[in-house]
Each structure stands twice: as C-alpha cells, then as structure tokens.
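Generate a structure from the sequence data that follows.
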Amino acid sequence: MSPHAPDEPLTIGEMTRRTGVAASALHFYETLGLIASTRTPGNQRRYARHMLRRVSLITVAKRLGIPLSDVQAAFADVPLTETPSHADWQRASRRWKRELEKRREGIERLERELTGCIGCGCLSMKACGLLNPDDALGTQGSGPRRLDA
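Below you'll find the predicted structure:
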C-alpha cells in the first residue's frame, strides 16, 4: 500500500526507486519531452504518478532496441500534463505496433537477402550476380547500400 494519496506527485527519488531508472536518465527524458515534472517552491522536481507508465514503457523500448525518437513519435498524442485516458494509450499502442511491424518486415527481408548471399558462397559482393550485378551498388557509395532501400 502506498503511503501517498493517489494524486500526490512523486519525488525524483521515489521515481527512481519505483522505475529503476537513474535520476540522470529521468532528466534526459524530460529534456526530450518524453516525461514532465513540476517544481516545488524549493525548486525540487515532482512527477505525476502517470509518469510511472511512461518511464516503464521507455524502459521496455530501450530493452527492445527501439530508439527514443520512435518512443517520442508513439507518445506524440499522449498528454503529458494530465493523466492519459485509455483511448490515448490505445492510439499510442496502435502507432507503435505499426512501426514494429515495419521493422519486423525489414528484418525479415534482410534475413532472406543475407541467407541467399551467404548461401551463394561467392564471398564477393562485386562478383555476386544476384544481389549486386556488375557491382551496380558500388556507384551509390560505400557501406551497406541495400539496407537503405
């Protein structure tokens, strides 16, 4: 049972204890607009309780390798200054799901291409007539050009 009223804001220490996220990371997320705090008359940060969910989702995203810019996009319509509704979170969830589906499709395409290339055995992108005939990609610059497609 929490010793605080449901609408009582959390200190930065309480946020770090509840989320496992360092205070410096909370400050960073705040500068990115991912979370928000208010200030006491003594200039101490206070976080609304609904920020716990945002920080938890940021933590999950980081574990999955999702860039913070994608998290920002997913949170774009989720209010910062008031408790988000179920509908707000559902919209964010749908947006995030679409982005994850695009990533999955890209990874599956890369897997198919790499499997074919590795299985080819030619060991040379210059000589590979299937994925890079006549080294056509070489004219586009250095590095893995097919990943940008």
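
distance of Asn43 from Ser37?
In this structure, Asn43 and Ser37 are separated by 11 Å, where distance is defined by C-beta to C-beta, to the nearest Å. From N, CA and C alone the C-beta is placed, and that goes for glycine too.

So the two - more neighbours on which side?
Remark: of Asn43 and Ser37, Ser37 carries more neighbours, 20 against 6, as counted by other C-beta atoms under 10 Å.

list the contacts for that one?
When contacts are counted by C-beta atoms under 8 Å, 6 or more residues apart in numbering, Ser37 touches Ile12, Glu30, Arg45, Arg46, Tyr47, Met51.

Packing partners of the least confident helix or strand in the chain by mean pLDDT?
Among the secondary structure pieces of the chain, namely its helices and strands, helix 86-120 has the lowest mean (mean pLDDT, DSSP states H and E), a mean of 83. Here helix 86-120 is seen to pack against helix 68-74 when contacts are counted using 3 or more C-beta pairs under 8 Å, 6 or more residues apart in numbering; DSSP states H and E.

Any buried residues in the helix it packs on, and which?
Judged by neighbour count using 16 or more other C-beta atoms under 10 Å, the buried positions of helix 68-74 are Asp70, Val71, Ala74.

contacting residues around it?
Contacts to helix 68-74, defined as C-beta under 8 Å, 6+ apart, come from residues Tyr29, Leu32, Gly33, Leu34, Leu57, Ile58, Ala61, Lys62, Ala92, Arg95, Trp96, Glu99.

Buried only: go through these for me.
A residue is treated as buried here by neighbour count (16+ other C-beta under 10 Å); on that basis the buried members of the contacts of helix 68-74 are Tyr29, Leu34, Leu57, Ile58, Ala61, Ala92, Arg95, Trp96.

how about those residues, which pair is most distant?
The most widely separated members of the buried ones among the contacts of helix 68-74 are Tyr29 and Arg95, with 18.6 Å between them, by C-beta to C-beta.

Which segments of this structure make up each domain?
Domain assignment for the chain by automatic domain parsing gives 1-84, 86-137.

neighbours around Ala23, how many?
Neighbour count for Ala23, taken as other C-beta under 10 Å: 12.

contacting residues for it?
Residues near Ala23 by C-beta under 8 Å, 6+ apart: Ile12, Gly13, Met15, Thr16.

Which of those has the largest number of neighbours?
Met15 (23 neighbours).
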